[in-house]
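> Generate a structure from the sequence data that follows.
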Amino acid sequence: MNNARSVRGRKPRRNPESAPPGLTGTNRGNGPQKEIIVNVSNRETRIALLEDGRLMEYRVEREERVVGSIFKGIVQNVLPGMDAAFVDIGLERNAFLYVADIIPDEGSDTSPASIKRSELRRRKIKDLLKPGQQVMVQVTKGPRGTKGARVSTRIALPGRYVVLMPESGSVGVSRKIDDRTERDRLRKIGDRIIPDGFGLILRTECEGRTEGELRADVAFLQSLWGDVMKAAKKMRAPACVHKDQTLLFRTVRDMFGENITKMVIDDPDEYEKVHLVAAMVAPSMREKIVLFDKDTPLFDFYGIEKELERIMQHKVPLKSGGTLVIDEMEALTAIDVNTGKQVGSSSLNETILKANLEASDEILRQLRLRDMGGIIVCDFIDMESEADKKRLMTHFTDGLSQDRARTRVGRISSLGLIELTRKRTGESVTQEITEICPMCTGVGRIASKETVSLWIERDMWRKMQEAGNAFLVECHPAVVEALIGLDGENVEELEHEMRRGIYIRANFDMEYEEYEIRNGTIEEFDRQYMGYRRAQVMEANVRRSAFENANKVVGWTDAGFYIELLDGMSHIGGRAKVCLQDIRRSYAVADVILPGSALR
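Below you'll find the model as predicted:
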């Protein structure tokens with residue numbers, strides 16, 4: 001039997017001197033070569049943006065997104081003291097609706113607050129909403145931590161080129177379009193194509209587009225709004241009447257423009273779907289969509305997996321020897337710049353400026369890579385020269401112009417701090433793929449059980465060329481549950497896809513991120529690990545499920561075999577005798593029949 005150990009979920013290291021395929025760019029004369037890399041699996045979709053082979057943005061989707069979705073809700077509480085209301089939209093926590101988000105957007109994009117709007121804001125929440133009232137709202141910020149979603153009655157439907165706003169009536173042009181002539185042209189087109197009873201925002205992507213292209217986008221969104229209204233009439237509140245598109249669809253709609261060199265997708269079904277979407281929103285871009293069909297995993301082929309390790313690092317190394325220390329907290333994100341081993345060559349001022357400029361580039365990258373939002377404070381190394389401070393500030397603000405998220409930045413303070421805000425719509429990538437550490441209760445973060453289980457899946461796929469027709473996986477008990485899935489769905493689907501037997505056992509001595517994968521044969525593993533039979537009575541340690549929202553009880557044999565118990569809530573924390581009803585390679589289903597012996 002071929003043994004192989006993989007500790008803490010780390011991937012095989014690459015030789016840094018040999019660049020992986022796909023990292024060499026050819027379009028350098030016309031700006032950076034930008035590639036969108038899409039990895040699709042049953043449980044998650046991962047999308048990476050490479051610029052000249054360097055990872056600049058990363059997004060992951062594991063469950064349905066609520067931001068952008070439209071709900072028919074019921075007002076639960078109206079709080080005059082906060083000028084806000086809480087609305088039941090069918091999620092775990094009620095959504096927060098502020099008084100300013102009830103008022104229709106007035107004025108154009110050039111007037112941040114018209115007189116009419118400021119007058120309307122003086123109205124009180126109790127004059128606008130009553131408990132029990134039904135309202136149509138759109139989620140603008142997803143649930144985060146202990147906070148519920150934030151919603152608005154000012155609904156916006158984004159398309160490829162325009163954003164359609166029911167019941168608004170104004171035309172706006174993206175502030176990122178600087179050319180005055182182009183802005184005037186687009187505004188005139190907007191005035192001609194705006195439907196009655198709707199508002200319109202012309203997005204950055206519409207620059208240089210014809211009236212016919214913009215009119216087609218408006219017609220599509222108008223039809224979509226009609227479908228939303230039909231669904232709203234049929235459904236009883238609280239209910240979701242329109243789900244926002246998947247991460248992959250939004251990527252094609254919002255990012256897949258002329259500046260993208262190619263989009264690489266490793267799933268044939270999603271490849272076909274993207275082709276259909278591109279045919280509607282960007283027909284000229286279809287030839288840039290490529291299906292990846294090599295044996296090497298896509299993110300390994302492009303060298304992305306190794307880069308992703310840096311997302312969860314507290315300290316990010318800089319090439320010159322310095323480091324960034326990144327602390328993401330609920331109120332704000334703090335980024336500290338350290339010179340580290342960088343000692344310079346001529347003067348202290350030059351060394352500090354060089355370190356700050358390099359740190360500035362990496363901070364700008366980390367903002368996009370981790371999708372940080374809210375208040376961000378960057379603590380640069382103190383500089384005495386005003387000219388150096390101005391140079392750093394100019395370098396930093398110029399770099400922010402490449403960020404698609406809306407940002408506002410203040411001046412550099414006397415303490416060397418740069419404060420900025422970056423639009424937040426939900427969890428950052430770091431918060432999305434990690435969870436609060438049960439040992440430190442939030443001081444630091446560790447990979448979630450779902451993340452570790454996905455590491456294991458990827459490592460098994462990497463071992464598919466090795467001998468044998470089965471895998472034995474040993475890992476932390478919580479990761480065992482995530483890998484098996486509810487009712488065994490994950491492991492059974494994985495066995496079907498890999499066409500290999502999979503035996504999963506808990507190792508109670510392993511750390512949370514540690515696991516071991518061994519290759520072998522079904523005959524060998526059956527003989528060593530499957531000494532169970534139907535109707536067998538045995539003792540098990542009874543525990544709550546590792547999944548917080550799953551109201552279920554599980555059992556563990558002393559050998560680490562996972563048992564899904566049909567009852568046994570009263571035996572949690574002790575031992576019980578169970579009768580096996582159904583037996584699989586990685587788990588069994590059983591009834592609790594009697595209390596067991598004393599807890600071992």
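> can we go C-alpha only for contacts and neighbour counts from here?
OK.
> in what helix or strand does Ser360 lie?
helix 348-370 (DSSP states H and E).
> and that helix, what other elements does it pack with?
If you count contacts as 3 or more Cα pairs under 8 Å, 6 or more residues apart in numbering; DSSP states H and E, helix 348-370 packs onto strand 54-61, strand 323-328, strand 332-338, helix 386-400, helix 429-433.
> For Arg192, find the nearest of those.
Smallest distance to Arg192 across the helices and strands packed on helix 348-370 (Cα to Cα): 33.8 Å, for helix 386-400.
> on that earlier part again, parallel or antiparallel, which strands does the helix or strand following the helix holding Ser360 pair with?
For helix 348-370, the following helix or strand on the C-terminal side (DSSP H and E) is strand 374-379. Note on strand 374-379: by DSSP bridges, its sheet partners are strand 332-338 (parallel), strand 417-422 (antiparallel).
> Can you add distance to Met82 and mean pLDDT and give the ones you listed back as JSON lines?
Rendered in JSON lines, the data for those read as follows (distance: least, Cα to Cα, whole Å; pLDDT from 0 to 100):
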{"stretch": "strand 332-338", "distance to Met82": "23", "mean pLDDT": "91"}
{"stretch": "strand 417-422", "distance to Met82": "23", "mean pLDDT": "92"}
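> Which one of those lies nearest to Pro268?
strand 417-422 (35.5 Å).
> Now find how far off-centre that closest one is within its chain.
Here the centre of strand 417-422 is set off from its chain's centre by 22 Å, with Cα atoms, centre = their mean, to the nearest Å.
> Ok, stretch 207-216 next?
In terms of Cα atoms, centre = their mean, the centre of stretch 207-216 is found 31 Å from the chain centre.
> Give me the contact list for it.
Tyr161, Val162, Ile177, Glu182, Leu186, Ile189, Ile193, Cys206 (Cα atoms under 8 Å, 6 or more residues apart in numbering).
> What of stretch 184-196?
Taking Cα under 8 Å, 6+ apart as the rule, stretch 184-196 contacts Gly169, Val171, Gly172, Val173, Leu200, Leu202, Glu207, Glu211, Arg215, Val218.
> closest one to Lys126 among the helices and strands packed on helix 348-370?
The closest of those to Lys126 is strand 332-338. By Cα to Cα, the value is 32.1 Å.
> what distance separates the closest one from the centre of its chain?
Per Cα atoms, centre = their mean, the centroid offset for strand 332-338 relative to its chain is 22 Å.
> Show me what the strand or helix carrying Val274 is packed up against.
Assessed by DSSP H and E, Val274 sits inside helix 268-281. When contacts are defined as 3+ Cα pairs under 8 Å, 6+ apart, helix 268-281 packs onto helix 247-254, strand 289-291.
> now the angle from the helix or strand that the longest one is followed by to helix 247-254?
Using DSSP H and E, the helix or strand that directly follows helix 247-254 along the chain is strand 260-265. Strand 260-265 and helix 247-254 meet at an angle of 160 degrees, taking axes from the mean of the first three to the mean of the last three Cα atoms, to 10 degrees as the criterion.
> Strand 260-265 pairs with which strands, parallel or anti?
Checking strand 260-265 against DSSP bridges gives partners strand 34-40 (parallel), strand 289-291 (parallel).
> Sort out which residues of that strand are buried, please.
Buried residues in strand 260-265, counted by 16 or more other Cα atoms under 10 Å: Ile260, Thr261, Lys262, Met263, Val264, Ile265.
> ok, of these, which one's closest to Val241?
Taking Cα to Cα as the measure, Val241 lies nearest Ile265 of these, at 30.1 Å.
> residues contacting the closest one?
Counting by Cα under 8 Å, 6+ apart, Ile265 has contacts Ile37, Val38, Asn39, Val40, Tyr271, Ile289, Val290, Leu291, Phe292.
> Just give the closest residue to it, not the sequence neighbours.
Excluding the flanking residues, the one nearest Ile265 by Cα to Cα, 6 or more residues apart in numbering is Val38, at 4.7 Å.
> cool, Asp83 as well?
Nearest non-adjacent residue to Asp83 (Cα to Cα, 6+ apart): Ile125, at 5.2 Å.
> Asn519 now?
Using Cα to Cα, 6+ apart, the nearest residue to Asn519 is Phe471, at 4.9 Å.
> who's that neighbour bridged to?
Ile502, Asn519.
> give me the number of residues near it?
22 (other Cα atoms under 10 Å).
> One more: the one 5 residues further on?
His476 sits with 22 neighbouring residues when counted by other Cα under 10 Å.
> Quickly note the distance from it to Glu516.
10 Å (Cα to Cα, to the nearest Å).
> Which pLDDT does the model give the nearest residue in space to Thr204 that is not next to it in sequence?
The shortest distance from Thr204 to any non-neighbouring residue, by Cα to Cα, 6+ apart, is to Ser174 (5.6 Å). pLDDT, Ser174: 87.
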